[in-house]
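J.: sequence-free structure coming up:
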């Protein structure tokens, strides 16, 4: 390869894109670097629901957990669970490998989709760069977890690209199908997507009336068609808009801006200004989509009116829109084509070009220097460790079907249910309950309370408990003569003839 061709490759978007996609994979993979199992409780629950749908052969499946109506409660995400279950069944990949690698792969697709859309706007790799740095937190979730909102993010650039590029009846039909699929994949993502596309289309009414009307029809029809099934759920949510709600203790707008990064926010503000100065309804539509999300988020944060779930998931959508807009700001720094500079007649364009390149590289370097350590320092929790995983798999393979209910550390109980497909006395979903404390007290006291066992039909005891105050697992013994230890920390109810 000649030097000229090599230089062209270095300067091309393709090499930049490969590096950015690798960065995206790494950022989403950070929580999984030294951990080989599903992480967030939502990851475990979606695995459980996906398996339950396949076992039942129906979206109305029996309750997987005793504290939730799994069959009905997850119909709003049934598309995601069904897709995940079918993918696992066809591929044969283990659930733990899917939970570890699938989020990073999806995030790479999201970043690639951002590049495809933003490239038509003139700032493809720049927007992809900022998108690759979107954080994942325990509160708002994100691209590092096996959750439907991570796939919902992929729809933003994809559907914006369709609205921007396609004008045929077939494209409107495909847009309608995508919106319908997003509704059954993750309803909050569908509502947030409608907010973005709606503002985009309303601004286009003056410039391309026919196209904008067809886009509005395509995004409204799926909601109208599904109203007979969803009206009972929509009405309570609509009424709740007029009721003040407390802010989630683990999510607030200022902390998310800090997690996302102040420098990307500043470049995003620059990009917003540049797009507005350039004009065109496409630029205005992109900026308006971001502003609509920010108004919704700021309104909920300030006045506490709105839908909590839209606020929490909307933070991710706003960060992705901010990343796209920030791409426009970074492009202007690189090219130094800001409107007020174009009016100045300079005799040394190479100096201007070098200055733009220097500024661009400085922003990229400073962003990476701050953001990567921040992403590595985000705290996550791990529900089980290798010892627990192997113990639960052993129970699945060796404890007979006559013993179907266990008592164990409620913090580990969700993972236990997924891996063993056996029920539990109690699990911690968001915060410990009185039943959770009862389970802890029972295990710590040697599992001697026979009444507790009989009343709750418990036939399996797992005695390894993570003690938060000590920061380590503690293995408790069992003094109950009706139970026998079949493996370290695993006790099962004796057969009647041996008691």
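T.: Arrived safely. Computed from a prediction, not measured in an experiment: that's the story for all the values here. Residues are numbered from 1 along each chain as shown.
J.: so how far is residue 116 from residue 158?
T.: Distance of residue 158 to residue 116, computed by C-beta to C-beta, to the nearest Å: 8 Å. For every residue, glycine as well, the C-beta is placed using N, CA and C.
J.: so which of these two has more stuff around it?
T.: A count of neighbours by other C-beta atoms under 10 Å puts residue 158 above the other of residue 158 and residue 116, at 18 against 15.
J.: doesn't the more buried one lie inside a strand?
T.: No. Residue 158: not assigned to a strand; according to DSSP: H, G, I helix; E, B strand; the rest coil it is helix.
J.: assumed residue 318 was part of a helix.
T.: Yes. Assessed by three-state DSSP, residue 318 belongs to a helix.
J.: quick one: contacts for it?
T.: If a contact means C-beta atoms under 8 Å, 6 or more residues apart in numbering, then residue 318 has 290, 293, 294, 297 as its contacts.
J.: swap in residue 380?
T.: Residue 380 touches 31, 39, 40, 138, counting by C-beta under 8 Å, 6+ apart.
J.: any idea how far the residue nearest to the third one when sequence neighbours are not counted lies from residue 485?
T.: Meaning residue 40. In space, and not counting its chain neighbours, residue 40 is closest to residue 145: 4.8 Å by C-beta to C-beta, 6 or more residues apart in numbering. Using C-beta to C-beta, we find residue 145 at a distance of 36 Å from residue 485.
J.: higher neighbour count, these two?
T.: residue 145 (26 against 13).
J.: re the thing from before, tell me who's in contact with the residue nearest to residue 40.
T.: 39, 40, 42, 43, 103, 136.
J.: buried ones in the helix or strand that the fourth one is a member of?
T.: With elements delineated by DSSP states H and E, residue 43 resides in helix 41-56, which encompasses its position. For helix 41-56, the buried set under the neighbour-count rule, 16 or more other C-beta atoms under 10 Å, comprises 41-54.
J.: redo the residues you listed as TSV? Include distance to residue 210 and pLDDT.
T.: Formatted as TSV, those follow (distance: C-beta to C-beta, whole Å; pLDDT from 0 to 100):
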residue	distance to residue 210	pLDDT
41	47	93
42	42	93
43	44	95
44	48	95
45	44	92
46	41	93
47	45	95
48	47	93
49	42	91
50	41	93
51	47	92
52	45	89
53	41	90
54	44	89
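J.: would JSON lines of the residues you listed with distance to residue 120 be doable?
T.: Shown next, in JSON lines, are those (distance: C-beta to C-beta, whole Å):
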{"residue": "41", "distance to residue 120": "39"}
{"residue": "42", "distance to residue 120": "34"}
{"residue": "43", "distance to residue 120": "34"}
{"residue": "44", "distance to residue 120": "39"}
{"residue": "45", "distance to residue 120": "38"}
{"residue": "46", "distance to residue 120": "34"}
{"residue": "47", "distance to residue 120": "37"}
{"residue": "48", "distance to residue 120": "41"}
{"residue": "49", "distance to residue 120": "37"}
{"residue": "50", "distance to residue 120": "35"}
{"residue": "51", "distance to residue 120": "41"}
{"residue": "52", "distance to residue 120": "42"}
{"residue": "53", "distance to residue 120": "38"}
{"residue": "54", "distance to residue 120": "39"}
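J.: strands of the chain, residue ranges please.
T.: For the chain, the strands identified by DSSP state E occupy 405-407, 423-424, 460-462, 464-467, 472-475, 483-487, 490-493, in order along the chain.
J.: please name the strands paired to the first one in the sheet, noting orientation.
T.: Read that as strand 405-407. strand 423-424 (parallel), strand 460-462 (parallel) (DSSP bridges).
J.: try the last one
T.: The strands that strand 490-493 pairs with in its sheet are strand 460-462 (antiparallel), strand 483-487 (antiparallel) (by DSSP bridges).
J.: please work out which of the strands paired with strand 405-407 is packed deepest.
T.: strand 460-462 (a mean of 24; mean count of other C-beta atoms under 10 Å).
J.: lovely, talk soon.
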